[in-house]
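Student: Sharing a model prediction with you, sequence too.
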Amino acid sequence: MQITDVRIRKVAKEGKMKAVVSITIDNEFVVHDIKVIEGEKGLFIAMPSRKAADGEYRDIAHPINSDTRNMIQTLILEQYEAMRLGDIDATAPEI
């Protein structure tokens with residue numbers, strides 16, 4: 001599996017959510033609404049989720065092993081930091 005495209009939309013308002021990301025996998029499958037969150041221990045990603053009837057949030061799409069999650073998170077956070085520092089252009093407008 002290869003991440004072939006990353007599109008980052010910075011969040012304009014202050015808060016813990018810093019960006020919303022879409023990734024393309026193998027030029028064939030897109031996952032939208034991955035969030036970049038500022039936590040107590042630094043940045044992390046939250047996969048797209050939906051609020052269930054019981055009030056809990058359930059992931060809509062997510063990696064099924066930690067190696068894949070780490071690979072996706074590392075790639076997204078590297079791209080986010082590069083964009084934040086001005087090393088690359090944002091690929092989508094602020095939201």
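Tutor: Sure, I can see it.

Student: which non-adjacent residue is nearest Leu77?
Tutor: Leu43 (5.4 Å; Cβ to Cβ, 6 or more residues apart in numbering). The way it works is simple: take the backbone N, C-alpha and C, and place the C-beta from them, glycine included.

Student: The one you found sits in which helix or strand?
Tutor: Using DSSP states H and E, Leu43 sits in strand 42-46.

Student: what about the helix or strand following that strand, distance to the chain center?
Tutor: As assigned by DSSP H and E, the chain's next helix or strand after strand 42-46 is strand 49-51. Between the centre of strand 49-51 and the centre of its chain there are 15 Å (Cα atoms, centre = their mean, to the nearest Å).

Student: Show residues contacting strand 49-51.
Tutor: Tyr57, Arg58, Asp59, Ile60 (Cβ atoms under 8 Å, 6 or more residues apart in numbering).

Student: In TSV: these, plus neighbour count, distance to Asp67 and pLDDT.
Tutor: Output for those, formatted as TSV (neighbours: other Cβ atoms under 10 Å; distance: Cβ to Cβ, whole Å; pLDDT from 0 to 100):
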residue	neighbour count	distance to Asp67	pLDDT
Tyr57	10	24	92
Arg58	10	22	93
Asp59	11	17	92
Ile60	12	21	94
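
Student: Report the secondary structure state of Ile76.
Tutor: helix (DSSP: H, G, I helix; E, B strand; the rest coil).

Student: so it touches Ala46, yeah?
Tutor: No - under the criterion of Cβ atoms under 8 Å, Ile76 is not in contact with Ala46, lying 10.8 Å apart.

Student: More neighbours: the two, which one.
Tutor: Higher neighbour count among Ile76 and Ala46: Ile76, with 22 against 15, using other Cβ atoms under 10 Å.

Student: what sits against the more buried one?
Tutor: Ile76 touches Val6, Ile8, Val21, Ile23, Ile34, Val36, Ile45, counting by Cβ under 8 Å, 6+ apart.
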